[in-house]
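Participant: Below are the sequence and a predicted model; questions follow.
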Amino acid sequence: MDSVYLKILLALLPFLVLLIGFLVFRMDALRLSLYVWLLEMLVVIVFYKVHLFDSIKASIWGNITIWNGFLVLWTGQIFGQSFRSTGALKTLLNTLNRILPTQTGKAVTLCSVVGGYVGAFNGFATYPVTIPGLVNLGISGFRAAVGYLVYFSWSIAFVSLFIAATIASTVTKLPIEQIVGTMGFLTMPLVIVSVIGFFKILGFSLRDKDNLTIAVLTIVANILAVFIFTQLLPGLYILTLIAAATFSLIALWLFSKKYEAEAYGVEDEEAFSTGTIFKAFAPLIGGALVVVLFSYPLKALVGRAAFSLAWWGYSPTSINLIDTPGFYVFLTALLCYVFPVEKTSSFVKDFMIASKRATPSLITLFLGGAMVNLMLDTAQISFLAEQMSQWGTAMYTILLSGLGFLAGMAFGQGIPACAMFSRMQMGAASLVGMSPAVLVGIAAMVTMGPANPLKPSLLRYTSSLAGIKGQDGEMFNLAFKWQFIQLLVIVALILLFLI
């Protein structure tokens, strides 16, 4: 196949089908992922002359290389179920609701702390908590859903213990610490956009002195966490969201001291003892401590658990089931039963419920991973990078940001897009004269974060949590403004970096 235009068309075809399927036909992520994988199978067999059995092998191996993603998706569901069923979540929400007396204060505390603590271990588990919580505060379901999607978007690249950087490192063999540096640099201004967007969407006036103070405190706390754990201490990058939640909680608690007791009125909710509150936070604290121990004092010992796997002539991929985000998430889930607030369920029962709930996401991820590896094996991605690089470094990075944004929107899971575009940068770096770590950091950031609130499947899911129907289009339009601003900020920062 010698036609350059045909090769470009075939490389872009899966993305076009994904976008049309999601945005036009509003197809289910699982079903659309199946169609796109079958389409890519047809392309590699017919146009690239790959044998059917080799295509199946490539599909399987592609998912082995992103084993981290499967583990964290699965354990994330287990953590979410465990945190709810043991009463920890109820206690956490009750405690947060008592920190500030105003609607703005309660909403920001809810989203910043839950988004940080719970999102650090499982980003998807935050939506069923924050969105109904905002509705319970008297905020309309429509604005609650869109507002939280916009607020949480700055965190997406860091959720599930930095699964984006972990996947990017796995497929590129670059140190995670180098990748998170670029991700953190790009994220800091996005915090400002997300928080302002959250306030605007929920109708919280920034002309109000207290509201403005709460917004500034939240922005500073989150940016400080990102700066410390991606720029100063990148070896502890996993603690970024946990630190963001902690800094936000401390800042908002200190700010609450300005209010008199009368401002809180009569509390109808059950008051929990200090011991009970400690039990709610104990699994999160324990999980964070294990991360620190395994990252520093026990790092060499934990590293011995790694082993390599190589099938069908592919380069070996390293696997360490202990030193991985999924293990930390699973351990945190187990700690929920060590420190239970309530004993209403068992780990075995919650494990089965969570595993069943995780199945569609795991299958969707498998299909996306299979499609990605088929494109990598047939050099479609490297060819696309080569064509894009011909227009210069600046244009390449702009196109990378735009395509990554679209891919992040189109994939049912962001992980396959992250893996694909991260691998793409290894060949492109020498062509455009940039550091591979910088390009991979850009790819991981844009495929996971800014486009997340625009995914039709996520809009449908969050609208159901908010108790609204038939407003997915309006939700998309309202969120798009703020997410497009995020994309423009990323492009501007990249171009500034190149000057």
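Facilitator: Arrived safely.
Participant: pull the CA atoms of stretch 440-455 into CSV?
Facilitator: Only the C-alpha atoms of stretch 440-455 are listed here, as CSV (Å, rounded to 0.1, in the frame of the first residue of the first chain):
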residue,chain,number,x,y,z
VAL,A,440,4.5,12.0,26.5
GLY,A,441,3.5,14.2,29.4
ILE,A,442,1.5,16.4,27.0
ALA,A,443,-0.1,13.3,25.4
ALA,A,444,-1.1,11.8,28.8
MET,A,445,-2.5,15.1,30.0
VAL,A,446,-4.7,16.0,27.0
THR,A,447,-6.1,12.5,26.4
MET,A,448,-7.2,12.0,30.0
GLY,A,449,-8.3,15.4,31.4
PRO,A,450,-9.8,18.3,29.4
ALA,A,451,-12.1,16.2,27.3
ASN,A,452,-13.5,14.0,30.1
PRO,A,453,-16.7,16.1,30.8
LEU,A,454,-17.6,15.9,27.1
LYS,A,455,-17.8,12.1,26.8
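Participant: for the stretch 101-250 of the chain, what are the low-confidence residue spans?
Facilitator: Confidence mapping of the stretch 101-250 of the chain against pLDDT under 70 gives zero matching residues.
Participant: For it, which segments count as helices?
Facilitator: Assigned by DSSP state H, counting those that start in this stretch, the stretch 101-250 of the chain shows helices spanning 103-121, 127-136, 141-152, 159-172, 176-202, 209-227, 240-255.
Participant: Nearest to residue 485, out of the ones you listed?
Facilitator: helix 176-202 (5.4 Å; C-beta to C-beta). For the C-beta atoms, the positions are set from N, CA and C on the backbone; glycine is no exception.
Participant: one step back: could the helices of the stretch 101-250 of the chain go into CSV alongside distance to residue 346?
Facilitator: Formatted as CSV, the helices of the stretch 101-250 of the chain follow (distance: least, C-beta to C-beta, whole Å):
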stretch, distance to residue 346
helix 103-121, 20
helix 127-136, 21
helix 141-152, 31
helix 159-172, 25
helix 176-202, 35
helix 209-227, 35
helix 240-255, 27
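Participant: quick one, which of the ones you listed is nearest to residue 55?
Facilitator: helix 159-172 (19.3 Å).
Participant: now the angle from that closest one to helix 240-255?
Facilitator: Interaxial angle, helix 159-172 versus helix 240-255 (axes from the mean of the first three to the mean of the last three C-alpha atoms, to 10 degrees): 150 degrees.
Participant: can you dump the C-alpha coordinates of helix 159-172 into CSV?
Facilitator: Extracted C-alpha coordinates of helix 159-172, given in CSV (Å, rounded to 0.1, in the frame of the first residue of the first chain):
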residue,chain,number,x,y,z
VAL,A,159,-6.9,10.0,39.5
SER,A,160,-6.6,6.3,40.5
LEU,A,161,-3.1,7.0,41.8
PHE,A,162,-1.8,8.6,38.5
ILE,A,163,-2.9,5.8,36.2
ALA,A,164,-2.3,8.0,33.2
ALA,A,165,1.4,8.5,33.9
THR,A,166,1.6,4.8,34.9
ILE,A,167,0.2,3.7,31.6
ALA,A,168,2.4,6.2,29.7
SER,A,169,5.5,5.0,31.5
THR,A,170,4.6,1.3,30.9
VAL,A,171,4.3,1.7,27.1
THR,A,172,7.2,4.1,26.6
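Participant: just so I know, which of the helices of the stretch 101-250 of the chain lies nearest residue 428?
Facilitator: Comparing these under C-beta to C-beta, the one sitting nearest is helix 159-172, at 11.6 Å.
Participant: Off-centre distance for the closest one?
Facilitator: Relative to the mean C-alpha coordinate of its chain, helix 159-172 is positioned 10 Å out (C-alpha atoms, centre = their mean, to the nearest Å).
Participant: Stretch 356-368 now?
Facilitator: 16 Å.
Participant: Which residues belonging to that stretch are considered buried?
Facilitator: For stretch 356-368, a neighbour-count test (16 or more other C-beta atoms under 10 Å) marks 358, 361-362, 364-368 as buried.
Participant: Grab the most central residue of the chain for me.
Facilitator: Among the residues of the chain, residue 156 comes closest to the average C-alpha position under C-alpha atoms, centre = their mean, at 3.0 Å.
Participant: dump the residue contacts of that residue.
Facilitator: Neighbouring residues of residue 156 by C-beta atoms under 8 Å, 6 or more residues apart in numbering: 123, 164, 414, 448-449, 452.
Participant: Same check on residue 471?
Facilitator: Contacts of residue 471 by C-beta under 8 Å, 6+ apart are 142, 463.
Participant: Ok, the one 5 residues further on next?
Facilitator: Going by C-beta under 8 Å, 6+ apart, residue 476 touches 454, 456, 459.
Participant: Out of these, which sit inside helices?
Facilitator: Applying DSSP state H to the contacts of residue 476, the entries found in helices are 456, 459.
Participant: Looking at the contacts of residue 476, which has the smallest pLDDT value?
Facilitator: pLDDT across the contacts of residue 476 is lowest for residue 456, at 75.
Participant: what about that residue, how many neighbours?
Facilitator: Other residues within reach of residue 456, judged by other C-beta atoms under 10 Å, total 24.
Participant: cool, residue 430 as well?
Facilitator: Using other C-beta under 10 Å, residue 430 is surrounded by 10 other residues.
Participant: and if you look at residue 407?
Facilitator: Using other C-beta under 10 Å, residue 407 has 23 other residues around it.
Participant: Just give the closest residue to it, not the sequence neighbours.
Facilitator: Counting by C-beta to C-beta, 6 or more residues apart in numbering, residue 407 lies nearest to residue 417, which is 4.1 Å off, once chain neighbours are set aside.
Participant: average pLDDT for the helix or strand harbouring the one you found?
Facilitator: Assigning secondary structure by DSSP states H and E places residue 417 in helix 414-432. Helix 414-432 shows a mean pLDDT of 88.
Participant: which helices and strands does that helix pack with?
Facilitator: Applying 3 or more C-beta pairs under 8 Å, 6 or more residues apart in numbering; DSSP states H and E, we find helix 414-432 packed against helix 67-85, helix 159-172, helix 347-377, helix 380-389, helix 393-410, helix 436-448.
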